[in-house]
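Asks: dropping a prediction and its sequence here:
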There are 2 protein chains.
Amino acid sequence: MKAIAVKTDESRPQLIDVPVPEPKEGEALLRTLRVGIDGTDHEVIRGNHGGFPEDDGYQILGHEAVAVVEDSNGTALEEGQLVVPTVRRPPAGTETNRYFERGEPDMAPEGHYVERGIVGAHGYMSEFFTSKPEFLVNVPDSFAKFGFLVEPVSNSEKAFEHAYASRSAFTWEPESAVVLGNGPLGLLTLAMLETSTSPFDRNYCLGRRDRPDPTVDIIERLGGTYVDSRDTPVSEIAAVHEPMDFVYEATGYAKHAFETVDALAPNGVGALLGIPSDWEFEVDGGSLHRNLVLENKALFGSVNSNYEQYEAAIDRLKEFPEWFVDEFITGVYSPENAEAAFEDGDGVIKTVVEFDTR
Amino acid sequence: MKAIAVKTDESRPQLIDVPVPEPKEGEALLRTLRVGIDGTDHEVIRGNHGGFPEDDGYQILGHEAVAVVEDSNGTALEEGQLVVPTVRRPPAGTETNRYFERGEPDMAPEGHYVERGIVGAHGYMSEFFTSKPEFLVNVPDSFAKFGFLVEPVSNSEKAFEHAYASRSAFTWEPESAVVLGNGPLGLLTLAMLETSTSPFDRNYCLGRRDRPDPTVDIIERLGGTYVDSRDTPVSEIAAVHEPMDFVYEATGYAKHAFETVDALAPNGVGALLGIPSDWEFEVDGGSLHRNLVLENKALFGSVNSNYEQYEAAIDRLKEFPEWFVDEFITGVYSPENAEAAFEDGDGVIKTVVEFDTR
């Protein structure tokens, strides 16, 4: 079957031919429809984020997928059901551990999980893949074209949940939010903040693009305010716009983690989602520390998501405006043209590799 | 009456003579027993933390008090009742605001409160003071000698509550904690962690003192492990001892806020309580940011406390070992000798000014 992989010591994705995987007992065979590409895939390709599965000289990419149950193989799954697979699995050679047993694989520390398509396990960017039913979330038939967005949206559902939890010891009535980053995750998160069930009244999204630009168009069409970081650095957002009850960092730019404290309103919370490399720089650590304390501010890091957050993401995606997916998915590529799907360029927002259609 | 105050443009506490305050309608008159001294008082004296009450050329110090209802003045208070006053009040000229109405004055941002003895209002370091009943918490008669500890303990109750809240979106079963700082607040917090109702099994306390030292004795008698920061910097605590599920910073040393991230176990949370001055220094911001994200770590700042946290502090203090208060309170001074109560020295842990006894 066709698969998109990166080989050891190479740093470009390529089409390879591998055998269709055989589902083991208790596993089903899934037929892949679409697989989205995000920043993590680029990090896997650069080799600075993940690790390859044992004994294989390649890593099949892809962790944002939507697929169909092809062969239930004796499991309770219904053949033809549309599903989205979760990402984390117990490490090779283990069946489970307490994080998976609790339904909280997202909270497992390093060594207690592998991640399909990212570290230690093959991903979903192939015509077929296998999975235990417990790692598959049913999605409605209407999700065939964009169900792969459930994974990134679920990561933000987790971040929102942790943000609310961190402010649950007092009355928190947030109104303003800024998303740092107008990449795919940033735009999805802005769309989440703009749904009718979101309590946020005024949402901003930071980028560094000249108009006309399709991400700026999406920000404004969603109802958000575009903040050009070249005019308004994060540390000045509070003064130029307003102090933010919630800051969502999706840039991976380490200085933003610290500037988030400046952008926050008293009692606000910042969620950090980016994964930067080492970088030493100077901060006014005294001011940051004091500001966190005297204004009861909070910061937290968040990675991955759990099953319930996938289900929340499905409900959230149903609330997105109809035009959003069409504007957001800027490229659909066949496996043969997958290399082009990984290229950045003017007007590119979200690209996907399509293996099959419903 | 006698009061201990600092005058404008001076930077030492002194005994002054001021009229006994007249309780307004709805206020009671309180007779002060003891008032504790902490780091905030030293900051008020240095003039870099608080502001003086309007129109007065002096600030009466003291925010950790235990007192007796002297004249209920028509309020529902019972004369002779032992009470501890809270610290925050609505700003001068205002009756209340939403933070006070919610019972959450601790979450009020700057401008929405004054703090008795700290900023904008006189403290309790005088023979008498006045207060509305809603800002007084009843304490048992047995608290006459140490009831002033309810205030600092309540600040840690708040920090604990916010720490739990911030980890409430998943199963958090903390076992290990380190308190950064063996000052009075640090030792009180260690004692809280060591009470039988605390879930923490292994607690550490950081200081920089040579043995023999009374704070080290208290740490060990409580059951904690003393960590000498000259041998084991905060950034190495995880490797030398163990990663910490909870870090409580009570040093006001800004680098500790950042090193807290290194000391934390995955999914851990750090509470920052210190109030440092501006200080620029270099950090590996990329590593810090990445570490927060990939290990789901959280940091938050916490200041002040609310009425319920005062009540929790009362219950907590009942759990302290009997010997603790005697070892902890190292000096009791008369108003005439109050200046000495503000001096640091070998063997000094917590000093109090005693205006009266029960």
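Replies: That came through fine. Values in this document were obtained by computation on a predicted structure and should not be read as measured data.
Asks: from here on, just use CA atoms for contacts and neighbour counts.
Replies: OK.
Asks: pull the CA atoms of the worst-scoring helix or strand of chain A on mean pLDDT into PDB?
Replies: Every helix and strand of chain A was ranked by mean pLDDT, DSSP states H and E. The lowest is helix A:39-46, at a mean of 91. The C-alpha coordinates for helix A:39-46 follow below in PDB (Å, rounded to 0.1, in the frame of the first residue of the first chain):
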ATOM      1  CA  GLY A  39       3.900  21.700  12.500                       C
ATOM      2  CA  THR A  40       4.600  18.600  14.500                       C
ATOM      3  CA  ASP A  41       5.000  16.700  11.200                       C
ATOM      4  CA  HIS A  42       7.600  19.200  10.100                       C
ATOM      5  CA  GLU A  43       9.400  18.600  13.400                       C
ATOM      6  CA  VAL A  44       9.300  14.800  12.900                       C
ATOM      7  CA  ILE A  45      10.700  15.300   9.400                       C
ATOM      8  CA  ARG A  46      13.500  17.500  10.700                       C
END
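Asks: after it comes which helix or strand?
Replies: Read in the C-terminal direction, the helix or strand following helix A:39-46 is strand A:58-60, with elements assigned using DSSP states H and E.
Asks: ok, that next one: who's next to it in the sheet?
Replies: Here strand A:58-60 is paired, per DSSP bridges, with strand A:2-7 (antiparallel).
Asks: so how far is the helix or strand just after the partner strand from its chain's centroid?
Replies: Along the chain past strand A:2-7, the next helix or strand (assigned with DSSP H and E) turns out to be strand A:14-17. Remark: strand A:14-17 is offset 25 Å from the chain centroid, using CA atoms, centre = their mean, to the nearest Å.
Asks: before we move on, the earlier item: do the least confident helix or strand of chain A and chain B meet?
Replies: No. Judged by CA under 8 Å from any CA of the partner chain, helix A:39-46 stays clear of chain B, getting no closer than 12.7 Å.
Asks: let me see the contact set for the residue of the stretch 1-150 of chain A at minimum distance from chain B.
Replies: Taking CA to the nearest CA as the measure, the stretch 1-150 of chain A has residue A:109 as its residue closest to chain B, at 6.1 Å. Residue A:109 makes contact with B:266, B:295, according to CA atoms under 8 Å, 6 or more residues apart in numbering or on different chains.
Asks: cool, and residue A:353?
Replies: Taking CA under 8 Å, 6+ apart as the contact definition, residue A:353 lies against A:34-37, A:125, A:332-335, A:338, A:341.
Asks: then residue A:17?
Replies: The contact partners of residue A:17, taken as CA under 8 Å, 6+ apart, are A:1-3.
Asks: hmm, try it at 10 Å
Replies: Counting by CA atoms under 10 Å, 6 or more residues apart in numbering or on different chains, residue A:17 touches A:1-5, A:126.
Asks: what strand or helix carries the closest residue to residue A:234 other than its chain neighbours?
Replies: Once its chain neighbours are removed from consideration, residue A:234 has its nearest residue in residue A:259; the separation is 5.9 Å (CA to CA, 6 or more residues apart in numbering or on different chains). Under the assignment given by DSSP H and E, the secondary-structure element containing residue A:259 is helix A:254-263.
Asks: so what does that helix touch, helix or strand wise?
Replies: Using 3 or more CA pairs under 10 Å, 6 or more residues apart in numbering or on different chains; DSSP states H and E as the contact criterion, the elements in contact with helix A:254-263 are strand A:176-180, helix A:237-240, strand A:244-249, strand A:264-272, strand A:280-284, helix A:285-294, strand A:298-301, helix B:285-294.
Asks: show me the contacts of residue A:353 that map onto helices.
Replies: A:338, A:341 (DSSP state H).
Asks: can you add neighbour count and give the contacts of residue A:353 back as a markdown table?
Replies: Putting these into a markdown table (neighbours: other CA atoms under 10 Å in any protein chain shown) gives the following:
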| residue | neighbour count |
| --- | --- |
| A:34 | 30 |
| A:35 | 29 |
| A:36 | 26 |
| A:37 | 22 |
| A:125 | 32 |
| A:332 | 18 |
| A:333 | 18 |
| A:334 | 15 |
| A:335 | 23 |
| A:338 | 21 |
| A:341 | 21 |
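Asks: in the stretch 101-250 of chain A, what residue is nearest chain B?
Replies: residue A:166 (3.4 Å).
Asks: number of nearby residues for that residue?
Replies: Residue neighbour count, defined by other CA atoms under 10 Å in any protein chain shown, stands at 29 for residue A:166.
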